[in-house]
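K.L.:
model this:
(2 chains)
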Number of protein chains: 2
Amino acid sequence: MSIRDTLNTILQSVDGALAVIIMAYDGIPIDEMSVEQSDFDTQLLSVEYAAVLKEIKRAVDVIKAGDMEEVSIATTEMRIIMRVLNDDLFIVLIMRRDGNFGKGRNLLNIKSYELMQELA
Amino acid sequence: MSIRDTLNTILQSVDGALAVIIMAYDGIPIDEMSVEQSDFDTQLLSVEYAAVLKEIKRAVDVIKAGDMEEVSIATTEMRIIMRVLNDDLFIVLIMRRDGNFGKGRNLLNIKSYELMQELA
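P.N.:
Numbering: from 1, shown residues only, chains lettered A, B, ... in the order given. Okay, here's the model as predicted:
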């Protein structure tokens, strides 16, 4: 399966999914798929999420809590799940607040392994 | 129920829970309960988690994603769930990697309302 096919599978399989994006830690979006009605500024999102992950990675290192695998953020409007792919890249799933969070986490976990192999 | 009773209920009810801490955004721990065998530097944790939450709050504001409610972090060694209580305080549940993440999230969500009333 190509990277875009995998992203599309995630997007189509998770109720409430709005966009799924592969990003680099330097804030550059690598690849993305989003539902038609969504209107994301992917460039802005990438920069902000990369900044968040870098800050969390720093904190996790300081408190010696192992290696970071996944970060999820719930707000009054959306659910965001970020998963580390390798030292350079991570994947972000953006969902509606009422989206299927559990399925999103699970599928991102499973598909991360496929993506890591595609990206290696 | 007192605040410490509520914290203890969370700690005892969630498989794999190691500590539950109420913290201020300025990095000061307010109250905590932990299992006996745990050995957390709560002061260090509080400062780092407060820094993480402030960075996420900033990012969430920039991307206009609503108000932050919950952040969870999974590492190779542990699961950490942070939930906003009010403008000043948040609660953190630290669990083993194999702890019951779903129950932890759910209970933290439910108990947050009780704690918010106690702390108001």
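
K.L.:
Quick check: bridge partners of A:Met82?
P.N.:
Beta-bridge pairing of A:Met82 under DSSP bridges involves A:Val71, A:Val92.

K.L.:
Let me know how buried it is, in neighbour terms.
P.N.:
Neighbours of A:Met82 under the rule other Cβ atoms under 10 Å in any protein chain shown: 24. To be clear about C-beta, it is placed using only N, CA and C from the backbone, and glycine gets the same treatment.

K.L.:
And it, how far from A:Ile22?
P.N.:
Relative to A:Ile22, A:Met82 is positioned 11 Å away (Cβ to Cβ, to the nearest Å).

K.L.:
Between the two, which contacts overlap?
P.N.:
Residues touching both A:Met82 and A:Ile22 (Cβ atoms under 8 Å, 6 or more residues apart in numbering or on different chains) are A:90-92.

K.L.:
Just name the closest of the residues you listed to chain B, please.
P.N.:
Distance to chain B across these (Cβ to the nearest Cβ) is lowest for A:Val92, with 11.3 Å.

K.L.:
Report the contact partners of that closest one.
P.N.:
A:19-23, A:45, A:49, A:80-83.

K.L.:
Kindly report the same for A:Ser13.
P.N.:
Neighbouring residues of A:Ser13 by Cβ under 8 Å, 6+ apart: A:103, A:107.

K.L.:
Can you pull the residues of chain A lying near chain B?
P.N.:
Taking Cβ under 8 Å from any Cβ of the partner chain as the contact definition, chain A meets chain B at A:41, A:44-45, A:48-49, A:51-52, A:55-56, A:59-60, A:62-63, A:65-78, A:80, A:97, A:102.

K.L.:
how distant is stretch A:89-100 from the center of its chain?
P.N.:
The chain centre lies 6 Å from the centre of stretch A:89-100; the measure is Cα atoms, centre = their mean, to the nearest Å.

K.L.:
and that stretch, which residues are buried?
P.N.:
Applying a neighbour-count criterion of 16 or more other Cβ atoms under 10 Å in any protein chain shown, one finds A:89-95, A:99-100 buried in stretch A:89-100.

K.L.:
same check, this time on stretch A:5-15
P.N.:
A:6-7, A:9-11, A:14.

K.L.:
In chain A, which helix is the longest?
P.N.:
Ranked by residue count under DSSP state H, the longest helix found in chain A is helix A:42-62.

K.L.:
hmm, which helix or strand of chain A has the shakiest average pLDDT?
P.N.:
Lowest on mean pLDDT, DSSP states H and E among the helices and strands of chain A sits helix A:42-62, with a mean of 85.

K.L.:
which parts of that one are buried?
P.N.:
A:45-53, A:55-57, A:59-60.

K.L.:
cool, stretch A:110-120 as well?
P.N.:
Within stretch A:110-120, the residues scored as buried using 16+ other Cβ under 10 Å are A:111-112, A:115.

K.L.:
which is the next helix or strand following whichever helix or strand A:Ile22 is part of?
P.N.:
Using DSSP states H and E, A:Ile22 maps to strand A:17-24. On the C-terminal side of strand A:17-24, the closest following helix or strand by DSSP H and E is strand A:29-34.

K.L.:
Run through the neighbouring helices and strands of that next one.
P.N.:
helix A:3-13, strand A:17-24, helix A:42-62 (3 or more Cβ pairs under 8 Å, 6 or more residues apart in numbering or on different chains; DSSP states H and E).
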